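Peer 1: take this sequence and fold it.
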Amino acid sequence: MTRERGLTWSPGDVVRGDGRILAPSLGREPAEGAVSPDGSRIALVAWPVQNSAGLVVLRASDDAVIVTRRIDVATVGAVTFDGDGERVLVVGGDGGGRIASIDMRGDVVVTATDEGAMSAIAIGPGRLLATAEGYAYALRLTLRDPDTFAVIRPFVDKRAEQYTGVADLAFSPNGRWLASADDGSSSEDGVGRETGQGDIGLVVWDVALGTPVHRFPGTRYAASVAFHPDGVRLASASIGGVEIRDVERGEIVMRIATRHTNALAFVRDGDILLTAGDDEGILAWNMADGSPAGAIAGPGQVRALRSSRDGRVAVAVGWRRTAAIAVDTRGRGAIGELDVSANDFGDAGMEALAASSDLTNTRGLRARFSRVRAAGVIALAASAHSARLEVLDLGGNDIGSDGALAIGATWSHLTCLRELDIDIACLDETALACLLASPALERLVRLHVCGDLVAFAAFRSTP
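Peer 2: Down below sits the predicted model:
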């Protein structure tokens, strides 16, 4: 594997990048890539050869190979990690639709679907999974079970019966909306105009209802979409450049003039938007005002750009090479670990802390004996700013069963959590059972529940 150093952002205080050119043995050029939610792993899939595609999963810190496998698909549409980062999901086709699931042991399960070849997949909060069939005129956009991939329900637009090729999908951070980008890859000029679809490539869907919220005109050939971490702004890329919309109002709030843009991704908590395309460079833009924030000489023409949930790692998939980008967040004055133990701030203080952007880059939070109860824990667990916590210590607080259940219910959100201390926290057997039953428990290096006799008895009886 070769490395190419010195690909540095400018100005240096805005974003620094360590662009590494990845050249794993895939057999062919990379077709798609993905970054795990916590940024620790990168997955690359090559163009298929004789109905078989090569997959490699790398450790992002040093490019060490974790998994290599062949996948029986004739086409590769998209790749992503599941919400826990423990499986790679590849969608494509082989006469019909195919969804391949590969865990970190290298076990491969390929599921056939009733649809045609798939072109896009998205993972959202709360075990949301959506796929799109591309390369066909009839829209097939579906919500699926993340374990069995069975269809839960389709997304239906009664006002338009024809779409072309869905190139990209993205859930909003709260799972309320799903955005789809239709790049027109399967259409000829004029196809879809009889249904009013010919000028529309960007659609925002209501996930709960499965119906469109916005169908934005003038967005034909939309190639990529990404939600800002605030869950309100939506970026879309097309031949005409990049547009940022307020999804609540359905209005454009910013335009960025770029050449033919194929891909985009938010990094550094949404402060920076990366764009890439046919001009063989990766550009960075300040989201405060749309001004340039730097550039990287990328891996040639870029067809896909993906980032981790925390925005610290991104991968740019070129037609022949792939670059991994490490985004330096230290310039923001991030707090590595915050210890506010033995303070009488209670639920109100915890709720204020959960709403503060100061928590966004914090890796450890200790709030022992601070009179925090269930309401404060619920606010913390649900906050978008807590997603990067690796250490959470709430010992000595009367969080009770409701607080513990709130943590258990948000495992898919707290993807970076490795140490959890909830000792002397008035837990009962139900609360502890909820924590112990979660598959995400395997991610924890340390779980401390001592000091509560009821909880400890339940823990001892758990296999």
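Peer 1: what stretches of the stretch 251-400 of the chain score poorly on pLDDT?
Peer 2: Low-confidence segments of the stretch 251-400 of the chain (pLDDT under 70): 279-280, 297-298, 326-337, 357-361, 384-385.
Peer 1: show me where the stretch 51-200 of the chain has strands.
Peer 2: For the stretch 51-200 of the chain, strands defined by DSSP state E, counting those that start in this stretch occupy the ranges 53-59, 65-71, 75-81, 87-93, 97-103, 108-112, 118-124, 128-133, 140-144, 151-154, 166-171, 177-182, 200-206.
Peer 1: so the closest residue to Thr430 other than its chain neighbours versus Val67, what's the distance?
Peer 2: Spatial nearest neighbour of Thr430, excluding adjacent residues (Cβ to Cβ, 6 or more residues apart in numbering): Ser401 at 5.9 Å. Backbone N, C-alpha and C define where each C-beta goes, glycine included. Ser401 sits 39 Å away from Val67 when distances are taken as Cβ to Cβ, to the nearest Å.
Peer 1: any chance of the strands of the stretch 51-200 of the chain in a markdown table, plus distance to Ala409 and mean neighbour count?
Peer 2: Putting these into a markdown table (distance: least, Cβ to Cβ, whole Å; neighbours: other Cβ atoms under 10 Å) gives the following:
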| stretch | distance to Ala409 | mean neighbour count |
| --- | --- | --- |
| strand 53-59 | 29 | 22 |
| strand 65-71 | 29 | 16 |
| strand 75-81 | 21 | 25 |
| strand 87-93 | 21 | 25 |
| strand 97-103 | 24 | 21 |
| strand 108-112 | 27 | 14 |
| strand 118-124 | 16 | 24 |
| strand 128-133 | 15 | 24 |
| strand 140-144 | 20 | 21 |
| strand 151-154 | 20 | 12 |
| strand 166-171 | 18 | 26 |
| strand 177-182 | 21 | 26 |
| strand 200-206 | 23 | 23 |
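Peer 1: Asp428: which of the ones you listed is closest?
Peer 2: In terms of Cβ to Cβ, the element of those nearest to Asp428 is strand 128-133, at 30.1 Å.
Peer 1: let's see that closest one as PDB, backbone CA atoms only.
Peer 2: The C-alpha trace of strand 128-133 is given here as PDB (Å, rounded to 0.1, in the frame of the first residue of the first chain):
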ATOM      1  CA  LEU A 128     -33.500   3.100   9.800                       C
ATOM      2  CA  LEU A 129     -32.400   1.700   6.400                       C
ATOM      3  CA  ALA A 130     -33.500   2.800   3.000                       C
ATOM      4  CA  THR A 131     -32.600   1.500  -0.500                       C
ATOM      5  CA  ALA A 132     -33.300   2.700  -4.000                       C
ATOM      6  CA  GLU A 133     -33.400   0.900  -7.300                       C
END
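Peer 1: model confidence for the nearest residue to Gly93 once chain neighbours are set aside, exactly?
Peer 2: Distance criterion Cβ to Cβ, 6+ apart; nearest residue to Gly93, sequence neighbours excluded, is Ala117 at 2.5 Å. Looking at Ala117, its pLDDT is 80.
Peer 1: try Tyr163
Peer 2: At Tyr163, pLDDT is 50.
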